[in-house]
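# What follows is a predicted structure for the sequence shown.
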Amino acid sequence: MATKASRSLARMMMAPAVTMLMGWMLVPLIMTLWFSFTKYLPLRGDSIERGLDWVGFANYSRFLSSSAFWPSVQTTLLMVGGVLLITVVLGVLLAMLLDQPMWGQGVVRILIIAPFFVMPTVSALVWKNMMMDPVNGIFAHLWRFFGSEPVAWLQDASLSSIAIIVSWQWLPFATLILLTSIQSLDSEQLEAAEMDGAPVIKRFLFIVLPHLARAITIVILIQTIFLLSIFAEIFVTTGGAFGTRTLTYLIFQRVIDSQNVGLGSAGGVYAIILANIVAIFLMRIVGKNLDA
Amino acid sequence: MARNVSTQRKIITTAAAWTIGLIIFFPIYWTILTSFKTEAQAINDPPLFFAFNWTLENYAIVQERSDYMKFLWNSVVIAGGSTIFGILIAIPAAWSMAFVPSVRTKDVLLWMLSTKMLPAVGVLYPISLVFVQFNLLDTRGGLMVVLMLINLPIIVWMLYSYFKEIPGEILEAARMDGATLKEEILYVLTPMAVPGIASTLLLNFILAWNEAFWTLNLTAANAAPLTAFIASYSSPEGLFFAKLSAASTMAIAPILILGWFSQKQLVRGLTFGAVK
């Protein structure tokens, strides 16, 4: 059906989107790569106009060997892994619960989805002050009510606290996707298994979980992309203190706080590599869906 | 779907689901409630759930102290502008990929998605240099362009998946009847795609509204939207719980309502159609 004329027309209509995204990707990427091989300290007078000194891989090895690097990778992995674990496990349970017949399911859905629409700066501040404040927070009231000493959440359990905040934001997303997937499960299959006397756990392990596998993978991959670049939640709560400095935040500090652009850019390249490894897996899965 | 469920089981499920739902919603509920208290009541021990004198004074103070309306207006302009701008660029692209697919269409779509994986922090400095060069720092226009580019892949994908469900025969019939391409898009395709375009608008407006990396790092005084306005409350100053609550409520209320309307599109949009 597509004639030659319509093909060239189609190409013209795609051109604006493709060109803009190409520029958005290539320009900063090339600049970051370039900076990462140079000594670039704007506060000490280095600038592009005066020419930057080429330093080879010095920034890369310095970023790797800095004492903050490995802890930041560890923090990143702990945070991403922790949030994924919480949201996927609770998400599956919640999705299965919501799939049951009940009164007011629509309202419950609205209650559960709400956190996803709260902007990150608001949710971080609300949790930091209203919930986790060691004197006036709700948790402090609860702890005192049960006769124990309130916890200074964001100092003594900083990483877990931020993980809780972030999980609260992402649990709705996981639940909604898993629920959508569970609703497409053939209920006759489950009923047949029930009649054959398969216990609940077996029904879950051999029917529900395999059906959810694809949705779980999608949840994990998409969340990982977003979680790797968590920023506002750390920015307004601890500012990277108390062991909450992730790789993203470390790079941010190198570039903005200490104004070492060369070093920060090398870190940025590491972050890009990390994100791309995740991205490749995501592409495979989404790409498969295009054929179907 | 005719599963026989005992009333007893339904009661238990309902109770469990409502309990969990209310726990998850609690921080939002608590924030909204606290925004109507005085500062002294806000930190009362034990916490006040019902018996207090409702007051609107926090809203008045917040609005007066930090020129709330200016931040709100910036948010509306930036999120709205970037979404409309993005839709205008994405419609032709999605149209051509859905109705004149070529062997490379799939690669182009996946490549567009891959630009979303670029970690923002890795390219922050180059972007701010470009912004300085073109005098875009702390302007709404600059931020609009950045947010448009960030969300463009999602907009194209969403529109593409909606357009693909429109039967191509209808467009062909219009063409047979002598409709030009412009007429075909304006009078045949667009009316059929209105629901899809509307939900794409909605979801991307929400994403742009809540974006908190570029909006925090590329604005100062003039173009700062609500994300930055709220971030300024991160260092506590005396009694401020009620004011913080009022400011938070003002920042999230419009988007919470929009969000509830678009929860179905959320799944479709953010999974790029991989879960339906």
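Everything's here; your move.
# in chain A, which spans are strands?
For chain A, the strands defined by DSSP state E cover A:38-39, A:53-54.
# where does the spatially closest residue to A:D46 that is not a sequence neighbour sit relative to A:L178, distance-wise?
Distances taken as CB to CB, 6 or more residues apart in numbering or on different chains place A:Y40 nearest to A:D46, at 5.1 Å, with adjacent residues excluded. Just so you know, the C-beta spots here come from the backbone N, C-alpha and C atoms, and that holds for glycine as well. For A:Y40, the distance to A:L178 (CB to CB, to the nearest Å) stands at 45 Å.
# Over to A:R214?
11 Å.
# between those two, which one's more packed in?
A:L178 (27 against 15; other CB atoms under 10 Å in any protein chain shown).
# Report the contact partners of the closest residue to the more buried one other than its chain neighbours.
Distances taken as CB to CB, 6+ apart put A:A95 closest to A:L178, at 3.8 Å, once the chain neighbours are dropped. A:A95 makes contact with A:T175, A:L178, A:L179, A:S181, A:I182 under the criterion CB atoms under 8 Å, 6 or more residues apart in numbering or on different chains.
# what about the residue in the stretch 151-292 of chain A that chain B sits nearest to, neighbour count?
With CB to the nearest CB, the shortest gap between the stretch 151-292 of chain A and chain B falls at A:G268, namely 3.1 Å. A:G268 has 33 neighbouring residues, counting by other CB under 10 Å.
# Kindly report the same for B:F26.
B:F26: 15 neighbours (other CB under 10 Å).
# Just the element for it, please.
Applying DSSP states H and E as the criterion places B:F26 in helix B:7-34.
# so does that helix get close to chain A?
Yes: interface with chain A: helix B:7-34 contributes B:9-10, B:13-14, B:16-18, B:20-22, B:24-28, B:30-31, B:34 (CB under 8 Å from any CB of the partner chain).
# Show me what that helix is packed against.
helix A:69-99, helix A:105-113, helix A:120-126, helix A:158-183, helix B:241-261 (3 or more CB pairs under 8 Å, 6 or more residues apart in numbering or on different chains; DSSP states H and E).
# cutoff 10 Å now
Other elements packing on helix B:7-34 under the criterion 3 or more CB pairs under 10 Å, 6 or more residues apart in numbering or on different chains; DSSP states H and E are helix A:69-99, helix A:105-113, helix A:120-126, helix A:138-145, helix A:158-183, helix B:39-42, helix B:241-261.
# sorry, back to before: tell me, what's touching A:R214 and A:L178 both at once?
Counting by CB atoms under 10 Å, 6 or more residues apart in numbering or on different chains, the contacts common to A:R214 and A:L178 are B:V275.
# Let me see the domain layout of chain B.
B:7-59, B:66-270 (automatic domain parsing).
# Can I get these in TSV including mean pLDDT?
Listed next are those as TSV, based on pLDDT from 0 to 100:
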stretch	mean pLDDT
domain B:7-59	86
domain B:66-270	84
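# Excluding chain neighbours, what is closest to whatever residue of the stretch 101-250 of chain A ends up closest to chain B?
With CB to the nearest CB, the shortest gap between the stretch 101-250 of chain A and chain B falls at A:F117, namely 3.3 Å. In space, and not counting its chain neighbours, A:F117 is closest to B:G259: 3.3 Å by CB to CB, 6+ apart.
# State the pLDDT value of the most centrally placed residue in chain A.
Centre of chain A computed as the mean C-alpha position; nearest residue by CA atoms, centre = their mean is A:L227, 1.7 Å away. Model confidence at A:L227, given as pLDDT, is 87.
# mind listing what it touches?
A:L227 neighbours (CB under 10 Å, 6+ apart): A:76, A:79-84, A:87, A:163, A:166-167, A:170, A:220, A:246, A:248, A:278.
# swap in B:A120?
A:28, A:229, A:231, A:248, A:252, A:268, A:271, B:127, B:146, B:150, B:211, B:213-214, B:217 are the contacts of B:A120 under CB under 10 Å, 6+ apart.
# what's the answer for B:T38, then?
B:N44, B:F52, B:N53, B:W54, B:T55, B:E57, B:N58, B:L239, B:A242.
# buried set for the top helix by length along chain B?
Assignment by DSSP state H gives helix B:68-99 as the longest helix of chain B. Of the residues in helix B:68-99, B:68, B:71-72, B:74-75, B:77-79, B:81-83, B:85-87, B:89-99 count as buried by neighbour count, 16 or more other CB atoms under 10 Å in any protein chain shown.
# Kindly report the same for stretch A:216-233.
Result for stretch A:216-233 [16+ other CB under 10 Å]: buried residues A:216, A:218-224, A:226-233.
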